[in-house]
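Colleague: fold the following for me, if possible:
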Amino acid sequence: MPSVFSGKQSPHYNVPEKVTVVTSRGADKAVTRVSIITTSRHNVGDDFVREGILYLLQKHYGSIRASCIHKHPPITSRPEFAWIYGRKWDAWLDNCHDSLALRTTSVVDQLLPLFPWSDRILQCDVLVQSGAPVYWTHPTTDCRDNEWWTPLIQRRWLKMGSGRPFFNLAGGTCQSWGSDGSEFGEQPATLEYIRVQRVQSTKGYALDFMRC
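Modeller: Residues are numbered from 1 along each chain as shown. The predicted model follows:
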């Protein structure tokens, strides 16, 4: 499968759309629109994991149209603001002050209404959180404080109420070396966040998807 990052144009600039293809039997079949919560040209491990997940999705659904959301500035769910990451304005802002890009774009995202006709979360048929650390707890940072859950899942996905699948695939942790995971037991709020995330992720599709 060709990489979604191949070619001259970044997938950040592709507004998801439903297209029609003709199957071998002549019947019309709609392409499945998949939105991937990931990172882009940021962590090579995330890139490898995402390509593998896209391969499995294609095997399961047939034809897919993939669109990537760079989760560190979640505003990239709006194609109109993809240039913030694509042209490295977020890096420039962070050089001015730590986390300035996230704070600035988060305020803008909250002030603007959602645009169902273009937003990558609201437009997709399938949503995937692809790889990367998902669960962790450290003295100074915690997974429930991540930048993407509230704007992408709580504000967008949970309010859709459409029953479309949300897969949390290949998620990992980033505990300190030697951690046995006991730190989670001391953080009831973190355990509750993990429980909610697991509940919101689609389970009914898991068996059929794994068979691909």
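Colleague: next, count neighbours for S99.
Modeller: For S99, the neighbour count with other CB atoms under 10 Å is 12. (Glycine included, C-beta is placed from N, CA and C.)
Colleague: let me fix that: G163
Modeller: Applying other CB under 10 Å, we find 7 residues neighbouring G163.
Colleague: and for the one 5 residues further on?
Modeller: The tally of other residues near N168 (other CB under 10 Å) stands at 17.
Colleague: hmm, who's touching the helix or strand hosting it?
Modeller: Following DSSP states H and E, the helix or strand that holds N168 is strand 166-169. Taking CB atoms under 8 Å, 6 or more residues apart in numbering as the criterion, the residues outside strand 166-169 that touch it are 53, 126-131, 134, 153, 157, 197-198, 200-202, 205, 209.
Colleague: at 6 Å what do you get?
Modeller: Under the criterion CB atoms under 6 Å, 6 or more residues apart in numbering, residues I53, L127, V128, Q129, S201, T202 lie in contact with strand 166-169.
Colleague: hmm, the fourth one is touching I37, no?
Modeller: Yes - with contacts counted by CB atoms under 6 Å, Q129 reaches I37, the gap being 4.6 Å.
Colleague: who's more crowded, these two?
Modeller: Applying other CB under 10 Å to Q129 and I37 shows that I37 carries more neighbours, namely 27 against 24.
Colleague: after the helix or strand harbouring the more buried one comes which helix or strand?
Modeller: With the criterion set as DSSP H and E, the secondary-structure element containing I37 is strand 32-38. Using DSSP H and E, the next helix or strand after strand 32-38 towards the C-terminus is helix 44-61.
Colleague: between strand 32-38 and that following helix, find me the angle.
Modeller: Relative orientation of helix 44-61 with respect to strand 32-38: 160 degrees, computed using axes from the mean of the first three to the mean of the last three CA atoms, to 10 degrees.
Colleague: in helix 44-61, what's buried?
Modeller: D46, D47, V49, R50, I53, L54, L56, L57, Q58, H60, Y61 (16 or more other CB atoms under 10 Å).
Colleague: what do you get for stretch 79-87?
Modeller: Of all the residues in stretch 79-87, those buried under the rule 16+ other CB under 10 Å are P79, F81, A82, I84, Y85, G86.
Colleague: and for stretch 167-178?
Modeller: When burial is assessed from 16+ other CB under 10 Å, stretch 167-178 yields the following buried residues: F167, N168, L169, A170, G171, Q175.
Colleague: which members of these define the maximum pairwise distance?
Modeller: F167 and Q175 (23.2 Å; CB to CB).
Colleague: follow-up on the earlier one: now do the strand holding I37: distance to the chain's middle.
Modeller: 7 Å (CA atoms, centre = their mean, to the nearest Å).
Colleague: so the spatially most central residue of the chain bridges to which residues?
Modeller: In the chain, the C-alpha closest to the average C-alpha coordinate belongs to I37, at a distance of 1.1 Å (CA atoms, centre = their mean). Beta bridges link I37 to I69, Q129 when assigned by DSSP bridges.
Colleague: sweet, I'm off.
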